[in-house]
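J.: Model the structure of this input:
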Amino acid sequence: MDFKTSVSTVLRKYVVFSGRARRSEYWWYVLFEVIVSAVARLLDSGLFDTKSGSTGPIALIVALGLFLPSLAVTVRRLHDGGRSGWWILIGLIPLIGAVVLIVFLVKDSVPDNEHGPSPKGSTPAGFYGAGPEAPRPAV
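T.: Numbers count the residues shown, from 1 in each chain. Reported below is the predicted structural model:
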């Protein structure tokens, strides 16, 4: 999934907390959020007399606008790893919680689970890499 597709998917599903999100969808959206937040802070510092460390009105509006999509895609990403969306609350534990959450978000997808089929799709049977029973290609 590329940058544009990932961002549009997340913004379209901004309040969808069910289902799954691929790693690429999640991390492209995180990059988008970082870029948009940085631009908002730059605009705030140029247009308003914001002190260092304070949040200006543009950055605040951007943060509020990106909060729900960010929450939803994080829950869907946790679902993709076979975890409940409630694991997002572990991020509230200082330091340790953030590290554990990042580890969960970085891990690869698990096969079909209670949150739906793998968003990666499946390799048709008979193709190399389809599973242990798949025939090896002739050399």
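J.: can you tell me the helix or strand for the residue positioned nearest the centre of the chain?
T.: With distances taken as Cα atoms, centre = their mean, the residue of the chain nearest its centroid is residue 26 (2.3 Å). Assigned by DSSP states H and E, residue 26 falls within helix 23-47.
J.: Give me the buried positions along that helix.
T.: Neighbour counts over helix 23-47 (16 or more other Cβ atoms under 10 Å) mark 23, 25-30, 32-33, 36, 40-41, 44-45 as buried. (C-beta placed from N, C-alpha, C; glycine too.)
J.: export those to JSON lines and tack on distance to residue 12 and pLDDT?
T.: As requested, these are arranged in JSON lines below (distance: Cβ to Cβ, whole Å; pLDDT from 0 to 100):
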{"residue": "23", "distance to residue 12": "19", "pLDDT": "94"}
{"residue": "25", "distance to residue 12": "11", "pLDDT": "95"}
{"residue": "26", "distance to residue 12": "15", "pLDDT": "96"}
{"residue": "27", "distance to residue 12": "18", "pLDDT": "96"}
{"residue": "28", "distance to residue 12": "14", "pLDDT": "97"}
{"residue": "29", "distance to residue 12": "12", "pLDDT": "98"}
{"residue": "30", "distance to residue 12": "17", "pLDDT": "98"}
{"residue": "32", "distance to residue 12": "13", "pLDDT": "98"}
{"residue": "33", "distance to residue 12": "16", "pLDDT": "98"}
{"residue": "36", "distance to residue 12": "17", "pLDDT": "98"}
{"residue": "40", "distance to residue 12": "22", "pLDDT": "94"}
{"residue": "41", "distance to residue 12": "26", "pLDDT": "91"}
{"residue": "44", "distance to residue 12": "28", "pLDDT": "90"}
{"residue": "45", "distance to residue 12": "31", "pLDDT": "86"}
